[in-house]
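[1] return a 3D structure for these sequence lines:
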Amino acid sequence: MKKIEELQEELKSSEGIKRLEILNSLCYECWYSNPELGARYGKETIELAKSLDMPLYIAKGHYYTAVNLVQNGEPEAAIDHGLKSLWLYEEAQNDEGIGDALSNLGMIYKSIGQIDKAIDYMLQTIPYYHSPETKPHLRNTYNNIGTCYQDLNQLSEAKKFLNIALDLSRDIGDDRFTARIINNFGIMHAVEGDMAGAINYFNHAIEIKKKLDDKTGIISTLHNLGSCCMRIEDYSGTEEYYRQALELSEELNAKDFIWRCQYSFFELYNKQNLKDKALEYLLKATALKEQVINEKSNQRILELHAKYENEKKDREAEIYRLRNIELAEANRKLKKTQDELIELEKKSAVLAMAVTANHEINQPLMVCRGNLEMLDDSLNDPSPNQRRYLQRISQGLDKIKAILEAFRRENIRYESYSDDVQMVIFEGDE
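    Now for the predicted structure:
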């Protein structure tokens, strides 16, 4: 985030090519943390490059806009910008640009599940990465094709492309990427039921990750090792790997990893019929998972609240401007802006209420759900009445959860409940 703020500060006083370069850097920095903002910078790049008559910068602007749009969940718009970048690079006969654009289109189609089309674009990429400088791009392409075949469960094809990617990665000297590919081989062997092969690959990946001090990568691979041991009923090995993963997760205070490890312990002890231990870890995992969800939800709510506040300021500035304009058209725009401001204030109030609802209700709700699951599991042969009561409780919990999830949505409207009272209507709920 600091890097983005520094670039934004530089942008304020920049012009011409320097401004284009800063905009490109902002697109790159934003694509993961704030893709909506990254897409806006990409579009600004396109317009500025057009005014300067710089076709390659226009192409790059379309490329970065596509990258950010797909990350922001807008694949159709991303494809449109991706194709425009491809056409411009082809017109300029820029091989590296053509390769990047084709690869980007492949990843967009992969993200929406059109794997065959993704592979087709990625295969077209390979001839354009022919210089030594583009070897990392070529490695990434072979890796992406391999993972596509992995998604299709065509593991022999996946291994063929991943082996090429692995050789290229070793040749480049990129140990982090090498460990990632080796980990993928472990996953494929596990899918094939070859636990010994999978464990061998995972151990190799961990050795590399330890040299790199890649602690989050170590946690993931330890978890994979534990899962392999559980499948061959080596429960002591499973427990040891999960313990190491949990301790490292706690050391990093990585809550997403912690609750997943806790849930894995629940599965392990439940499989061994150790019900008390299983319940203990299930309750820990569900409580922490809900805490993580609440934190993310509340963060999103705060971001939306800030967004609405900024829009509110923009509307207020617009109102001030329109007050100085005469004529009927100005009055019409003023009324529309005031109505939008009222709607933003209503939404802001609903979002504030959602913070309280998430905090006060969700955690006890998850505890109830966990206890219900354990109660259900403990009844070996429930009577029809018992089954009916359990089902009613479960339906009630689902209804409460659905109401809370509705509060997290941004799409809300209002309808009259009585003469002087309005009620919130969540879009999609009839």
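[2] so for the protein, which residue is the most central one in space?
    For the chain, the residue nearest the mean C-alpha position is residue 71 (7.7 Å; C-alpha atoms, centre = their mean).
[3] can you give me the strands in the stretch 151-300 of the chain?
    Read by DSSP state E, counting those that start in this stretch, the stretch 151-300 of the chain holds no strands at all.
[4] for the residue nearest to the residue nearest to the centre of the chain when sequence neighbours are not counted, which residues are in contact?
    Closest residue to residue 71 apart from its sequence neighbours, by C-beta to C-beta, 6 or more residues apart in numbering: residue 35 at 3.8 Å. All C-beta atoms are positioned from the backbone trio N, CA, C, and that covers glycine. Residue 35 is in contact with 68-69, 71-72, counting by C-beta atoms under 8 Å, 6 or more residues apart in numbering.
[5] model confidence over stretch 178-185, on average?
    The average of the pLDDT scores along stretch 178-185 is 94.
[6] how far does that stretch sit from the chain's center?
    What separates the centre of stretch 178-185 from the centre of its chain is 21 Å, taken as C-alpha atoms, centre = their mean, to the nearest Å.
[7] contacts for it?
    143, 146-147, 150, 159, 162, 165-166, 169-170, 201-202, 204-205, 208-209, 212, 214, 217, 220-221, 224.
[8] burial measure for residue 380, as a count.
    For residue 380, the count of nearby residues is 5 (other C-beta atoms under 10 Å).
[9] now the phi/psi pair for it, please.
    For residue 380, the backbone dihedrals are phi -70, psi -40 (criterion: degrees, to the nearest 10).
[10] one more: residue 34?
    Torsion angles, degrees, to the nearest 10, at residue 34: phi -150, psi 70.
[11] where does the residue nearest to it when sequence neighbours are not counted land in three-state SS?
    Once flanking residues are discounted, residue 34 sits nearest to residue 4: 7.4 Å by C-beta to C-beta, 6+ apart. Here residue 4 is helix, with the state taken from DSSP: H, G, I helix; E, B strand; the rest coil.
[12] what's the separation between residue 4 and residue 41?
    10 Å (C-beta to C-beta, to the nearest Å).
[13] which residues do those two both contact?
    Common neighbours of residue 4 and residue 41 (C-beta under 8 Å, 6+ apart) are 26, 30.
[14] more crowded one of those two?
    Legend: neighbour count by other C-beta under 10 Å for residue 4 and residue 41, higher for residue 41 (27 against 17).
[15] any figure for the gap between that one and residue 21?
    From residue 41 to residue 21 the distance is 12 Å (C-beta to C-beta).
[16] likewise for residue 395?
    On the measure of C-beta to C-beta, residue 395 and residue 21 end up 58 Å apart.
[17] those two - which one has more neighbours?
    residue 21 (15 against 9).
[18] find the helix or strand that the more buried one is a member of.
    Here residue 21, judged by DSSP states H and E, is contained in helix 16-33.
[19] list the buried residues of the first helix or strand past that helix going along the chain.
    Of the helices and strands lying after helix 16-33 in sequence (DSSP H and E), the nearest is helix 35-51. The neighbour-count check on helix 35-51 (16 or more other C-beta atoms under 10 Å) flags 35, 37-46, 48-49 as buried.
[20] quick check: which ranges of the stretch 251-400 of the chain have low pLDDT?
    303-304, 306-308, 310-311, 314-315, 317-331, 334, 347, 349-359 (pLDDT under 70).
[21] how much space separates residue 216 from residue 259?
    On the measure of C-beta to C-beta, residue 216 and residue 259 end up 15 Å apart.
[22] so which of these two has more stuff around it?
    Neighbour count, other C-beta under 10 Å: between residue 216 and residue 259, residue 259 has more, with 22 against 14.
[23] hang on, isn't that one packed against residue 292?
    Yes. Here residue 259 reaches residue 292: they are 6.4 Å apart, a contact under C-beta atoms under 8 Å.
[24] how about the secondary structure of residue 53?
    Of the three states, residue 53 takes coil under three-state DSSP.
[25] got the phi and psi for it?
    When read as degrees, to the nearest 10, the backbone of residue 53 gives phi 60, psi 60.
[26] and the closest residue to residue 52 other than its chain neighbours, what pLDDT?
    Distances taken as C-beta to C-beta, 6+ apart put residue 16 closest to residue 52, at 6.7 Å, once the chain neighbours are dropped. Note for residue 16: predicted pLDDT of 90.
[27] okay, now residue 16: neighbour count?
    When neighbours are counted by other C-beta under 10 Å, residue 16 comes out with 11.
[28] surely residue 177 touches residue 139?
    Yes. Applying C-beta under 8 Å, one finds residue 177 in contact with residue 139, separated by 7.1 Å.
[29] and these two? which has more neighbours close in?
    residue 139 (24 against 19).
[30] what pLDDT does the nearest residue to that one once chain neighbours are set aside get?
    Distances taken as C-beta to C-beta, 6+ apart put residue 168 closest to residue 139, at 3.9 Å, once the chain neighbours are dropped. Per-residue confidence (pLDDT) for residue 168: 96.
[31] next one: residue 28
    Reported pLDDT for residue 28: 89.
[32] and the nearest residue to residue 176 once chain neighbours are set aside, what is it in contact with?
    Distances taken as C-beta to C-beta, 6+ apart put residue 212 closest to residue 176, at 5.8 Å, once the chain neighbours are dropped. Taking C-beta under 8 Å, 6+ apart, we find residue 212 in contact with 175-176, 179.
[33] out of those residues, which is most surrounded?
    Each of the contacts of residue 212 was scored for neighbours by other C-beta under 10 Å, and residue 179 scores highest at 24 neighbours.
[34] now it: closest residue in space, sequence neighbours ignored.
    Closest to residue 179 by C-beta to C-beta, 6+ apart is residue 208, at 4.0 Å.
[35] for residue 57, see how far away residue 224 is.
    Taking C-beta to C-beta as the measure, residue 224 falls 43 Å from residue 57.
[36] helices of the stretch 201-350 of the chain, residue ranges please.
    215-231, 235-252, 255-271, 275-323, 328-378 (DSSP state H, counting those that start in this stretch).
[37] okay, now the nearest residue to residue 152 once chain neighbours are set aside: neighbour count?
    Counting by C-beta to C-beta, 6+ apart, residue 152 lies nearest to residue 115, which is 5.5 Å off, once chain neighbours are set aside. Other residues near residue 115 number 18, with proximity taken as other C-beta under 10 Å.
[38] fine by me, thanks again.
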